[in-house]
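> please work out how this folds:
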Amino acid sequence: MTDFRELLDGERLSAGEEARLRRVHDLLVEAGPPPELPAALAQPPSPGRGQVIRLPGSRRGRVVAFAAAAALAAAAFGGGYLTGHDSKQGRLAAVRVVRLHGGGASGVIRLGAVDRAGNWTMLVTVRGLPQLASSRRYELWLTRDGKRVASCGVFKAQGSATTVWFNVPYRIRPTDGWIVTKSGPGETGPGTVVMRA
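Prediction:
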């Protein structure tokens, strides 16, 4: 994570302007990466690999561009959180709930309302899935007429219950279903089905 002072690149700002930018920077740092961020990208770069990219234009222009981008990101994060989550319960305001079962495991998929772009937010909770070796994973699939049509994402199970967020752009029909598979290196095919709706 780049230090706030390094982002300013020596630019002198009024106390009010610096306080406003620092507040936005702190909010972005607190929000952290989006849930879909691959684990490899969540790790900071090794020493010597990171570099600061300087934008063309004046220092003042860069500061204004940074402030605008930070404000836009904070507004998008806050707006998405407020519209997609039930703040009283800390859960997704579900428009559809689907139950998963299989092999002693169970789960629930809560679908939020589809947004104007066609994206669905999904809160998935599974119980009873054993923790897999580090090279293996579980994967949630959308099914249509019993056939896999699209992956919703991959996850690892931890402890007695695992909860993960997915965001998918698929057209979901009332008759569609879901399955959970497990797969890993050395296996052929799309993985073994361990749960289904």
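> give the other helices and strands that the strand or helix carrying residue 26 contacts.
Element membership for residue 26 (DSSP states H and E) is helix 15-31. Using 3 or more CB pairs under 8 Å, 6 or more residues apart in numbering; DSSP states H and E as the contact test, the elements touching helix 15-31 are helix 4-8, helix 59-84. For the C-beta atoms, the positions are set from N, CA and C on the backbone; glycine is no exception.
> list the buried residues of it.
By neighbour count with 16 or more other CB atoms under 10 Å, helix 15-31 contains the buried residues 18, 21, 24-25, 28.
> isn't residue 105 right next to residue 126, touching?
Yes. At 6.4 Å, residue 105 counts as touching residue 126 under the criterion of CB atoms under 8 Å.
> more neighbours: the two, which one.
residue 126 (23 against 17; other CB atoms under 10 Å).
> secondary structure class for the residue lying closest to residue 130 once chain neighbours are set aside?
Nearest residue to residue 130 in three dimensions, chain neighbours excluded: residue 157, at 6.8 Å (CB to CB, 6 or more residues apart in numbering). Assigned with DSSP: H, G, I helix; E, B strand; the rest coil, residue 157 falls in the coil class.
> quick one: contacts for residue 157?
126, 129-132, 138 (CB atoms under 8 Å, 6 or more residues apart in numbering).
> which neighbours do residue 105 and residue 126 share?
residue 195.
> is residue 162 located within a strand, as I assumed?
Yes. Applying three-state DSSP, one finds residue 162 inside a strand.
> outline the domain layout of this structure.
Residue ranges for the domains of the chain, per automatic domain parsing: 4-85, 91-196.
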